[in-house]
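J.: Provided below are the primary sequence and the corresponding predicted coordinates.
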Amino acid sequence: MATLSTTEILSDTLDAFKLQFPMITNFTTDFSSQAATKGDQIKAHIATLPAASTYDATTGYANGATAAESLLEDVDVTLDQHAHVPIKLDYLSMISNQKAIYQQEVDNKAYVLGKQMVDFALGKVLAANFTNAVNAGATAAASDRDTLLAIRKEMNLNGASPKGRFGIVNGDVYEALDGDPRIASADYHGQQLEGNSLGELTNVAGFEKIYEYPTLSANAELLQGIFLDPTGIVIGSRLPNHNQDYASALGIPRAGKFDVVQDPESGLAMLGISWEQPGTFDQFLTVTLIYGAAAGAQGGSAGDITDNAGVRLTATA
């Protein structure tokens with residue numbers, strides 16, 4: 001482990017994060033490496049459609065032009081979650097076995113952070129935020145391709161974006177969908193689980209992806225799944241403010257090392273803080289970020305904000 005820099009560990013954690021929670025890229029995201037404080041509010045932006053116009057002899061093609069800035073709708077996201085995953089690297093263990101536990105620790109850090117973020121976002125999938133729902137019946141086993149078509153129809157009627165639609169369902173619903181011969185037949189490609197134990201359906205009934213998420217909470221509303229276009233849930237993240245200028249101005253030496261890595265594709269950034277404990281020479285490393293999420297109508301009225309971007313799949317009590 002002594003041959004690995006904090007930046008290398010952070011980069012590997014980012015890669016593992018994307019592999020274990022691919023659905024994070026289906027949401028609308030506002031990721032940044034800028035510093036923030038827990039409780040800060042940021043404004044994420046979602047695109048809206050311009051209006052068509054007719055050619056005018058006087059104004060020409062400028063007739064009915066829409067200001068570009070008005071085609072972006074603000075969505076407030078409060079960064080009310082400050083997560084980190086600390087690990088301790090024993091000095092004696094590092095001497096005897098430098099890399100045996102490395103990949104496992106990277107995967108574990110990514111899993112813990114990713115699951116916390118996804119669970120937090122999915123915890124906002126409530127009737128108060130998504131007023132539209134399709135009922136699957138008394139049991140999840142009733143879910144099939146017809147269920148997906150009903151959800152697709154509901155989203156079409158509500159004006160949800162036709163692009164980038166995806167679903168997240170619990171294990172029972174996924175098992176039922178995968179057991180529908182119209183989905184599992186040879187006419188559909190790329191549905192095999194391969195090396196990933198969590199199911200993922202591709203290009204089914206108008207949805208680009210349907211992810212199995214076994215720990216999806218049914219909550220008090222008997223939630224079985226959520227189907228969204230990308231604007232339905234917005235996740236924003238920043239890095240905790242670690243400005244050391246004040247300490248430097250006072251002549252206080254740094255107690256640790258701070259490193260930042262950012263994924264060039266998604267913009268997701270993580271802060272790594274590492275330090276050594278005097279005496280034992282044990283190494284500590286934590287990976288951290290501040291994040292928040294906003295979903296659907298955000299507790300408002302039916303049709304507010306991005307309410308119509310999602311449809312809940314529920315069961316009969």
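T.: Arrived safely. Residues are numbered from 1 along each chain as shown.

J.: got the buried residues for the longest helix along the chain?
T.: Using DSSP state H to define each element, the chain has its longest helix at helix 102-122. For helix 102-122, a neighbour-count test (16 or more other CB atoms under 10 Å) marks 102, 105-107, 109-111, 113-114, 117-118, 120-122 as buried. The C-beta positions use only the backbone N, C-alpha and C, and glycine is treated the same way.

J.: Let me have those in CSV, extended by pLDDT and distance to residue 36.
T.: Listed next are these as CSV, based on pLDDT from 0 to 100; distance: CB to CB, whole Å:
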residue, pLDDT, distance to residue 36
102, 64, 30
105, 69, 27
106, 74, 25
107, 77, 27
109, 81, 21
110, 83, 22
111, 86, 24
113, 88, 17
114, 88, 20
117, 92, 15
118, 93, 20
120, 95, 16
121, 95, 18
122, 95, 23
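
J.: can you give me the strands for the chain?
T.: Taking DSSP state E to define them, one finds strands in the chain at 28-36, 41-47, 72-78, 81-89, 133-135, 166-169, 200-204, 207-212, 223-228, 233-240, 257-262, 269-276, 283-295, 310-314.

J.: Buried deepest among those, which one?
T.: Compared across the strands of the chain, strand 223-228 shows the largest average neighbour count, a mean of 27 (mean count of other CB atoms under 10 Å).

J.: any idea how far residue 208 is from residue 200?
T.: According to CB to CB, to the nearest Å, residue 200 stands 11 Å off from residue 208.

J.: Any stretches of this protein with poor pLDDT?
T.: 1-6, 47-51, 66-73, 90-105, 185-197, 243-249, 252-253, 317 (pLDDT under 70).

J.: Identify the structural domains in it and state their residue ranges.
T.: Using automatic domain parsing, the domain ranges for the chain come out as 6-52+70-123+239-293, 133-233+295-314.

J.: ok so, going back, which one, of the strands of the chain, ends up nearest to residue 250?
T.: strand 257-262 (17.6 Å; CB to CB).

J.: Note down every partner strand of that closest one and its orientation.
T.: Applying DSSP bridges, strand 257-262 is found paired with strand 269-276 (antiparallel).

J.: which residues does residue 287 contact?
T.: 10, 13, 84-85, 109, 113, 270-272 (CB atoms under 8 Å, 6 or more residues apart in numbering).

J.: Quickly list what it is bridged to.
T.: residue 85, residue 272.

J.: can the domains of the chain go into CSV with extra columns for distance to residue 61?
T.: Shown next, in CSV, are these (distance: least, CB to CB, whole Å):
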stretch, distance to residue 61
domain 6-52+70-123+239-293, 12
domain 133-233+295-314, 26
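
J.: So for residue 64, which of these sits nearest?
T.: domain 6-52+70-123+239-293 (6.5 Å).

J.: what distance separates that closest one from the centre of its chain?
T.: Relative to the centre of its chain, domain 6-52+70-123+239-293 is centred 13 Å away, using CA atoms, centre = their mean, to the nearest Å.

J.: I'd like the distance from stretch 127-143 to the chain centre, please.
T.: The answer for stretch 127-143 is 22 Å, by CA atoms, centre = their mean.

J.: what does that stretch contact?
T.: Against stretch 127-143 from outside (CB under 8 Å, 6+ apart): 147, 150-151, 154-155, 158, 169-170, 172-173, 175-177, 221, 224, 226, 232, 295-299, 302-303, 307-308, 310-316.
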